[in-house]
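Novice: Take this sequence and fold it.
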Amino acid sequence: MLRFAISCLLSFFTMVALAHPHVWVDTQYRVKVDSTQIDRLEATWSLDLFTSTSLIAEYDIDANGELEGQEKLDMLEVLKSFENYGFFIKMKRDGVDFVQKKVQVMDVRIRDQMLWMRMVIDLPEKVDLQTSTLSLAFGDDELYFAMEPMEEGLVRLTGTMAEICTPVERDAEIISVAYWVDVTCQP
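Specialist: So this is what the prediction gives:
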């Protein structure tokens with residue numbers, strides 16, 4: 001049943017891509033900076049209303065507007081299919097591609113009729129933001145998904161050292177990325 005659901009979801013996204021080139025996803029990285037060395041960040045996605053409505057209708061079996069129990073587990077399993085695309089994560093360390101070690105989908109919920117998901121991203125090694133620049137973006141190179149930064153920005157810094165860290169937006173060089181944010185910390 002679960003394989004069938006994943007197959008249906010991927011078929012749905014393919015049909016959506018053929019009919020309209022994008023599924024819209026609002027994205028944001030959350031970086032907790034309690035020291036200048038980080039090895040983990042979080043990401044949040046909010047899927048567009050059309051995609052959310054379709055998935056909610058399929059997986060909110062009791063139609064109570066919440067994903068609970070098996071409903072949530074089934075939806076989390078479906079969203080893991082984005083592993084095949086690296087969750088559209090784009091990172092660079094000092095200008096060189098930097099590929100995440102692991103991404104774990106931690107939660108999925110319905111908020112304002114939209115499907116929201118939260119992920120934890122483990123970096124392949126610690127990055128010292130005092131001596132290195134970590135560049136972050138989201139982008140689907142096939143252009144089926146429009147990965148757009150949330151209204152409050154692509155990167156949200158928290159933690160005791162967040163005030164000494166600087167996220168700076170810069171233009172992207174490829175069409176699949178809205179823009180990059182470079183993060184550094186200088187005490």
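Novice: Quick one: end-to-end length of stretch 78-92, please.
Specialist: Terminal residues of stretch 78-92 lie 28 Å apart, using C-alpha to C-alpha, to the nearest Å.
Novice: Hmm, I typed the wrong one, I wanted stretch 62-71.
Specialist: Across stretch 62-71, the straight-line distance between its terminal residues is 9 Å, by C-alpha to C-alpha.
Novice: For Ala146, grab the count of nearby residues.
Specialist: Using other C-beta atoms under 10 Å, Ala146 is surrounded by 18 other residues. The C-beta positions use only the backbone N, C-alpha and C, and glycine is treated the same way.
Novice: Let me fix that, I meant to ask about Val99.
Specialist: 10.
Novice: Next: Tyr144.
Specialist: Other residues close to Tyr144 by other C-beta under 10 Å number 17.
Novice: Looks like it contacts Val25 (just checking).
Specialist: No - using C-beta atoms under 8 Å, Tyr144 is not in contact with Val25; the gap is 10.7 Å.
Novice: what's the spacing between the strand ranked longest in the chain and its chain's center?
Specialist: In the chain, taking DSSP state E as the definition, the longest strand is strand 114-128. Chain-centre distance of strand 114-128: 8 Å, with C-alpha atoms, centre = their mean, to the nearest Å.
Novice: If we ignore the residues flanking it in sequence, what's nearest Tyr59?
Specialist: The shortest distance from Tyr59 to any non-neighbouring residue, by C-beta to C-beta, 6 or more residues apart in numbering, is to Met75 (4.7 Å).
Novice: Give me the helices and strands touching the one helix or strand that neighbour maps to, please.
Specialist: Element membership of Met75 [criterion: DSSP states H and E] is helix 70-79. Secondary-structure packing of helix 70-79 (3 or more C-beta pairs under 8 Å, 6 or more residues apart in numbering; DSSP states H and E): helix 2-19, helix 49-59, strand 102-111.
Novice: Quick check: end-to-end length of stretch 57-69?
Specialist: Taking C-alpha to C-alpha, stretch 57-69 runs 16 Å from one end to the other.
Novice: in it, what counts as buried?
Specialist: Buried residues in stretch 57-69, defined by neighbour count with 16 or more other C-beta atoms under 10 Å: 58-60, 67.
Novice: now could you export just the CA positions of stretch 135-143 as CSV?
Specialist: Written as CSV, here are the backbone C-alpha positions of stretch 135-143 (Å, rounded to 0.1, in the frame of the first residue of the first chain):
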residue,chain,number,x,y,z
SER,A,135,26.3,29.2,1.5
LEU,A,136,22.7,28.0,1.5
ALA,A,137,20.0,27.7,-1.1
PHE,A,138,17.3,25.3,-2.4
GLY,A,139,16.8,24.5,-6.0
ASP,A,140,15.4,21.8,-8.3
ASP,A,141,17.6,21.6,-11.4
GLU,A,142,14.8,20.0,-13.4
LEU,A,143,12.5,23.0,-12.6
